[in-house]
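S.K.: With the input below, show me the fold.
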Amino acid sequence: MLIRETQDSDLNDILFVERTAFVDDDTIEELVRNLLQDPSAQPAVSLLAFLQDRPVGHILFTAAHLLRTEVPATIALLGPLAVVPDVQKQGIGGKLIEKGLQMLTEKGVELVFVLGHPDYYPRHGFQPAGRLGFEAPYPILEKNAWAWMVQALKEGVIDAVSGMVMCADAFKRPEYWRE
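M.R.: Next comes the predicted model:
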């Protein structure tokens, strides 16, 4: 498997992966297209996974920032992560997360947030964010509070900051914040 940063010429492959992975959610393709073009999402890390020459996975991390914090922190938002169905459960998503977090660490990002499946993301170092004082950009139903998660890429930063996460403009639609 090859994982590499995306280029502008990869848009069709990216959207193929998203469309195939999220067949029941036609908003994801539009979200990804918009995030890739949104200046407020930059700097972004966008990675594609290939098996031979076939695109099979995509992950996107976009810039975000914290409101109501006295200590500045560099943060990113993970989403979406997509793997085509016929190769799921083979570790592709985990490798995309690992590579993305490594790149973000090298770029000086301190915290990464995700609204995602609570059985999956904790295996990759994420923990519930709400109980640590981090609010999602939109209210999350109490029954889904565990799905709002964070991972520190720099030691001690979680104890030093808190507040509401403000995401890229393209992410500012309430329907994207329902788990």
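S.K.: dump the residue contacts of the most centrally placed residue in the chain.
M.R.: The residue lying closest to the centre of the chain (Cα atoms, centre = their mean) is residue 78, at 1.0 Å. Residue 78 sits next to 59, 60, 61, 97, 100, 112, 113, 114, 116 when contact means Cβ atoms under 8 Å, 6 or more residues apart in numbering. All C-beta atoms are positioned from the backbone trio N, CA, C, and that covers glycine.
S.K.: And the strands in this structure?
M.R.: Secondary structure of the chain by DSSP state E: the strands cover 2-5, 45-51, 54-67, 75-83, 111-115, 127-128, 134-135, 148-152, 163-166.
S.K.: Just the pLDDT for residue 144.
M.R.: As predicted, residue 144 sits at a pLDDT of 89.
S.K.: For it, the count of nearby residues, please.
M.R.: When neighbours are defined as other Cβ atoms under 10 Å, residue 144 has 14 of them.
S.K.: What of residue 71?
M.R.: For residue 71, using other Cβ under 10 Å, the count is 10.
S.K.: and it, how far is that from residue 9?
M.R.: Residue 71 sits 40 Å away from residue 9, going by Cβ to Cβ, to the nearest Å.
S.K.: Skipping adjacent residues, who's closest to residue 95 in space?
M.R.: Closest residue to residue 95 apart from its sequence neighbours, by Cβ to Cβ, 6 or more residues apart in numbering: residue 3 at 6.2 Å.
S.K.: what's the distance between that neighbour and residue 114?
M.R.: Counting by Cβ to Cβ, the gap from residue 3 to residue 114 is 18 Å.
S.K.: And residue 104, by the same measure?
M.R.: 12 Å.
S.K.: Next: residue 134.
M.R.: Counting by Cβ to Cβ, the gap from residue 134 to residue 114 is 11 Å.
S.K.: Need the overlap of contacts for the two.
M.R.: residue 150.
S.K.: got the contact list for the nearest residue to residue 4 once chain neighbours are set aside?
M.R.: Nearest non-adjacent residue to residue 4, counting by Cβ to Cβ, 6+ apart: residue 48, 6.3 Å away. If you count contacts by Cβ under 8 Å, 6+ apart, residue 48 has them with 3, 4, 6, 10, 13, 14, 17, 55, 57, 58.
S.K.: at 7 Å what do you get?
M.R.: Going by Cβ atoms under 7 Å, 6 or more residues apart in numbering, residue 48 touches 4, 6, 10, 13, 14, 55, 58.
S.K.: Just the pLDDT at the fifth one, thanks.
M.R.: Right, the one you point to is residue 14. At residue 14, the pLDDT recorded in the model is 98.
S.K.: for the first one, same thing?
M.R.: In this model, residue 4 is scored at 98, pLDDT.
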